[in-house]
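1. Next come a sequence and a model predicted from it.
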Amino acid sequence: MIKKNFAFVFPGQGAQYVGMAKEFYELPEYKHFFEEANERIGYDLTDIMFEGPEDELKKTHNTQPAILLHSVVAYNYFKDHIDIVPAFTAGHSLGEFSALVTSGSLDWLDALYLVHKRGGFMIEASRGVPFKMAAILGLDAEIIIGFCENSTGVVVAANFNTPVQTVISGENKAVTEVMDKCIEAGARRVVELVVGGAFHSPLIHKSFEWLNEEMKKCNFSDAIIPVISNYAAQPEKHKIEIIDNLAQQIISPVQWVRSVEYMCENGIDTFIEFGPGRVVSGMIKAINKDTNRYTINTLEDAEKVITAFKNI
């Protein structure tokens, strides 16, 4: 059943936690997802997801496939129990790969392989360059962009998460300079992020080239459900544009505010988030508080959401 007012959304890095998705693994009919994931990337990812340690799970090349696996399994459980087709799918950063799986554009094991590689590439491309990322809260994005553009080094706005939360990324010295200017300009909070690279910035341009080569090994199709691209904040269905947007996304800002605004302006008032945590739902609330937001992180979450929609 197509729901023209629904969108399915997926989280990015930072939502992971030790024990994630274990309830789904314990269901015999969903265990194969975890076994196939381990085989596809060549090591026991699920052991890291379930048992940790947390420091190992936080490594980008583990975090990204772990979040995608959790998201895909949660989505499949939901899909197997209720027939709802959204008008759009979208994901925050690596979550765009999960969105492409649900849109019918990319096989989930290819997506898993690509985000595993992507995570490694983002770290490798940052080696040898002193980098930093920081979250700026309570300051208009245009002011932050201005500070970045007038910096003495390489620093860019990397994530437009909400109208009052923007992440910057770039060279250590340049990021520190912009952080100081944001504090002087009255930012409510400025927080340095613990990350493994200068994500979504020109500093990791090599990762753009490497990911492009890996995507050539995978089979993309035109999407059945339009995917809102992080790069353009517009719906895409054609595989050529989808591939290009995925490559551009790794070195470009995540246009999450514009993406959510586009969906809301085009009839979406209900969002279902699949995967660990509730970060994406929180961002959506900050962008448009008049939306309905549901999260499917655990099996209990899934049952509650399925029951709620079956009773409508």
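-> Alright, I've got the coordinates.

2. any low-confidence regions in the stretch 51-200 of the chain?
-> For the stretch 51-200 of the chain, no stretch has pLDDT under 70.

3. Could you pull out the strands in it for me?
-> Applying DSSP state E, counting those that start in this stretch to the stretch 51-200 of the chain gives strands spanning 85-91, 131-137, 155-162, 165-171, 189-193.

4. now the ones you listed as CSV including mean neighbour count and distance to M179?
-> (C-beta placed from N, C-alpha, C; glycine too.) Shown next, in CSV, are the strands of the stretch 51-200 of the chain (neighbours: other CB atoms under 10 Å; distance: least, CB to CB, whole Å):
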stretch, mean neighbour count, distance to M179
strand 85-91, 25, 28
strand 131-137, 21, 5
strand 155-162, 24, 9
strand 165-171, 25, 8
strand 189-193, 14, 5
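
5. can you tell which of those is closest to P53?
-> Nearest of the strands of the stretch 51-200 of the chain to P53, taken as CB to CB: strand 189-193 at 20.3 Å.

6. and the angle from that closest one to strand 155-162?
-> Strand 189-193 and strand 155-162 meet at an angle of 110 degrees, taking axes from the mean of the first three to the mean of the last three CA atoms, to 10 degrees as the criterion.

7. got the angle for strand 189-193 vs strand 165-171?
-> Going by the same axes, to 10 degrees, strand 189-193 makes 50 degrees with strand 165-171.

8. What's the first helix or strand after strand 189-193?
-> Counting by DSSP states H and E, the next helix or strand C-terminal to strand 189-193 is helix 205-215.

9. The helix or strand just after that next one pairs with which strands?
-> Toward the C-terminus, helix 205-215 is succeeded by strand 227-228 as the next helix or strand (DSSP H and E). Strand 227-228 has its sheet partners listed here by DSSP bridges as strand 85-91 (parallel), strand 235-236 (antiparallel).

10. mind saving the C-alpha coords of the longest one as PDB?
-> Read that as strand 85-91. Extracted C-alpha coordinates of strand 85-91, given in PDB (Å, rounded to 0.1, in the frame of the first residue of the first chain):
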ATOM      1  CA  VAL A  85       5.300   1.700   0.600                       C
ATOM      2  CA  PRO A  86       6.600   5.300   1.300                       C
ATOM      3  CA  ALA A  87       6.600   8.200  -1.100                       C
ATOM      4  CA  PHE A  88      10.400   8.800  -0.400                       C
ATOM      5  CA  THR A  89      13.400   7.200   1.200                       C
ATOM      6  CA  ALA A  90      16.300   9.200   2.600                       C
ATOM      7  CA  GLY A  91      19.300   8.600   4.900                       C
END
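
11. which residues touch it?
-> For strand 85-91, the external contacting residues (CB atoms under 8 Å, 6 or more residues apart in numbering) are 1-12, 71, 96-100, 102-103, 225-228, 230, 235, 259-260, 263, 266-268, 272.

12. Could you do stretch 293-301 as well?
-> By CB under 8 Å, 6+ apart, stretch 293-301 touches 23-24, 27, 70, 74-75, 77-78, 270-278, 281, 284-285, 302, 305, 308.

13. List the ones among these that fall in strands.
-> Applying DSSP state E to the contacts of stretch 293-301, the entries found in strands are 270-274.

14. Between these, which sits nearest N212?
-> F274 (27.2 Å).

15. Which entries within the contacts of stretch 293-301 meet the buried criterion?
-> 23-24, 70, 74-75, 77-78, 270-278, 281, 284-285, 302, 305 (16 or more other CB atoms under 10 Å).

16. Which of those fall within helices?
-> Among the buried ones among the contacts of stretch 293-301, the ones falling in helices (DSSP state H) are 23-24, 70, 74-75, 77-78, 281, 284-285, 302, 305.

17. Would you format the residues you listed as TSV with distance to A157 included?
-> Formatted as TSV, those follow (distance: CB to CB, whole Å):
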residue	distance to A157
E23	37
F24	36
H70	28
A74	30
Y75	30
Y77	36
F78	34
S281	23
I284	19
K285	21
A302	35
V305	33
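
18. What separation do you get for V115 and V72?
-> Distance of V115 to V72, given as CB to CB, to the nearest Å: 11 Å.

19. Looking at these two, which has the bigger crowd around it?
-> Legend: neighbour count by other CB atoms under 10 Å for V115 and V72, higher for V115 (29 against 25).

20. what's the more buried one in contact with, if anything?
-> 64-65, 67-68, 94, 97.

21. Let me see the contact set for R118.
-> 64, 94, 207, 211, 214, 250.
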